[in-house]
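Peer 1: Have a look; sequence and predicted model below, questions after that.
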Amino acid sequence: MFNKKNYIIIGVIILMAVLGYFIFDKLLNFESLKEKPTEVTTRYTETTSVTKNRIVVEIKGEVYYPGIYEFYSDEVLVIDVIDMAGGLTNRADTSLINCAEIVTNHSCITIGRKGNNSYISTETNEIGLININTAGLNLLMSIPYIGEKKAQDIIAYRKANGFFKKIEDIKLVSGIGDALFKKIKDYITV
């Protein structure tokens, strides 16, 4: 029925199928690796250690991967957060940022576009003032007399015009006049 030659042919076919599967599998994995963004490795990507502090930092604006990043270290620099977020875009303005500055826990770094400003801040400062340049919707709504619509208007104004230079600039937002400003000025900062 089967002679030695047929067994050899069947063996070669099976061997070629197995080799083809592994080669094809490697090619597919290689292609999928090329599509993923590369991970940034810094000196802070190590696993949690009992002796290290946990520092959580948000970075926004002109970086490739804005978001919230955790570091397990006693000291994190602004440049480390920028590196973790994939680096700066070509529109980034770092003229007002000290990349060697130590970042504090729960701070927010906003990298502005050229022509706008960049900030490093917490959304509320030590005395509880809300930073109208970095606060999100819910935090803006926590300001007395500011509802969801006004908070959305503040955020839309920031996106269209850049950061406020002084707290009085919030009056440039539609619907916020002198009377409302007098009511909220003691709750806000830039």
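Peer 2: That came through, no problem. Keep in mind that what you see is a predicted model, and the values were worked out from it rather than measured. Numbers count the residues shown, from 1 in each chain.
Peer 1: Pretty sure residue 112 sits against residue 162.
Peer 2: Yes - Residue 112 lies in contact with residue 162 (Cβ atoms under 8 Å); the separation is 6.7 Å. To be clear about C-beta, it is placed using only N, CA and C from the backbone, and glycine gets the same treatment.
Peer 1: higher neighbour count, the two?
Peer 2: The residue with more neighbours, out of residue 112 and residue 162, is residue 112; 22 against 14, by other Cβ atoms under 10 Å.
Peer 1: Assign a three-state SS to the more buried one, would you?
Peer 2: At residue 112 the chain is in strand, as set by DSSP: H, G, I helix; E, B strand; the rest coil.
Peer 1: again, but for residue 74
Peer 2: Following three-state DSSP, residue 74 is assigned to coil.
Peer 1: And for residue 56?
Peer 2: strand.
Peer 1: Tell me how far it lies from residue 101.
Peer 2: Using Cβ to Cβ, to the nearest Å, we find residue 56 at a distance of 17 Å from residue 101.
Peer 1: for residue 167, same thing?
Peer 2: With Cβ to Cβ as the criterion, residue 167 and residue 101 are 24 Å apart.
Peer 1: Residue 76 too?
Peer 2: Taking Cβ to Cβ, one finds residue 76 at 10 Å from residue 101.
Peer 1: and the two? which has more neighbours close in?
Peer 2: residue 76 (26 against 14).
Peer 1: Quick check, pLDDT for that one.
Peer 2: You'll see residue 76 listed with a pLDDT of 88.
Peer 1: again, but for residue 51
Peer 2: For residue 51, the predicted pLDDT is 53.
Peer 1: Then the one 5 residues further on?
Peer 2: Looking at residue 56, its pLDDT reads 83.
Peer 1: can you pull the contacts of the closest residue to it other than its chain neighbours?
Peer 2: Excluding its sequence neighbours, the residue lying closest to residue 56 (Cβ to Cβ, 6 or more residues apart in numbering) is residue 70, at 5.4 Å. Neighbouring residues of residue 70 by Cβ atoms under 8 Å, 6 or more residues apart in numbering: 54-56.
Peer 1: Now rank those by neighbours and give me the top one.
Peer 2: Result: residue 55 is most packed of the contacts of residue 70 (other Cβ under 10 Å), 22 neighbours.
Peer 1: got the contact list for that one?
Peer 2: By Cβ under 8 Å, 6+ apart, the contact set of residue 55 is 70-73, 76, 103-105.
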